[in-house]
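Peer 1: Okay, here's the prediction I keep looking at, along with the sequence it came from:
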Amino acid sequence: MTQLSRKPIDKNLEAEILNKFWQALSQVNDPPSNIEFFGDFLSEMEKITLAKRFATALLLAKNYSPSEIKEKLHVSDTKIISVSNWLKNANPKTKQIIDAVLREQNKENLTDQIEELFDYLPPLPYTNWHQAGKEKFKREKKRSTRHALR
């Protein structure tokens with residue numbers, strides 16, 4: 001959970017800081033610059049958290065069920081609900097960005113990429129590793145078949 005100082009800062013100062021932050025972000029225009037900026041600016045945990053939140057939003061936008069998302073991304077039901085509520089109440093520009101990402105890559109390709117990334121993670125505790133390995137192999141085989149057919 002995010003921790004904030006108990007001592008609030010002046011509202012004008014807060015607005016000025018946020019304004020400078022948004023200006024700085026607007027100057028980061030290309031992917032290599034994004035990687036460098038956020039690589040320095042965010043901790044590893046913050047990067048993972050944001051990436052999982054974004055992946056959850058994309059999968060929800062593609063009508064994946066919460067149980068599928070939970071299984072693929074290892075996120076809690078609470079996080080899925082909060083992202084779902086966020087998507088329902090999102091600004092038009094945010095929805096436009098999500099739609100643009102979805103249009104850019106078809107459903108299978110994006111799902112394959114997300115599954116491939118999360119196949120690197122070990123199985124959950126108390127999971128039958130032998131069975132999990134077999135399932136991982138089946139997923140890899142399906143992905144390679146789909147990729148060959150494209």
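Peer 2: Structure's in. What do you need?
Peer 1: then stretch 77-86 to PDB, C-alphas only?
Peer 2: The C-alpha trace of stretch 77-86 is given here as PDB (Å, rounded to 0.1, in the frame of the first residue of the first chain):
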ATOM      1  CA  ASP A  77      -9.900  -9.900  -6.600                       C
ATOM      2  CA  THR A  78      -9.700  -6.500  -4.900                       C
ATOM      3  CA  LYS A  79      -7.200  -5.200  -7.400                       C
ATOM      4  CA  ILE A  80      -9.300  -6.500 -10.300                       C
ATOM      5  CA  ILE A  81     -12.400  -4.800  -9.000                       C
ATOM      6  CA  SER A  82     -10.600  -1.500  -8.400                       C
ATOM      7  CA  VAL A  83      -9.200  -1.600 -12.000                       C
ATOM      8  CA  SER A  84     -12.600  -2.500 -13.300                       C
ATOM      9  CA  ASN A  85     -14.200   0.500 -11.500                       C
ATOM     10  CA  TRP A  86     -11.300   2.700 -12.700                       C
END
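Peer 1: List the contacts of it.
Peer 2: Contacts to stretch 77-86, defined as Cβ atoms under 8 Å, 6 or more residues apart in numbering, come from residues 52-53, 56-57, 60, 66, 69-70. No exception for glycine: its C-beta is placed from N, CA and C like everyone else's.
Peer 1: go with 10 Å
Peer 2: For stretch 77-86, the surrounding residues in contact (Cβ atoms under 10 Å, 6 or more residues apart in numbering) are 49, 52-61, 64-67, 69-70, 73, 75-76, 94.
Peer 1: ditto for stretch 113-125
Peer 2: 51-52, 55, 58-59, 69, 71-74, 105, 129-133, 135-137, 139-140, 142-143.
Peer 1: again, only this time at 7 Å
Peer 2: If you take Cβ atoms under 7 Å, 6 or more residues apart in numbering as the criterion, stretch 113-125 is touched by 55, 72-73, 129, 132, 136, 139-140, 143.
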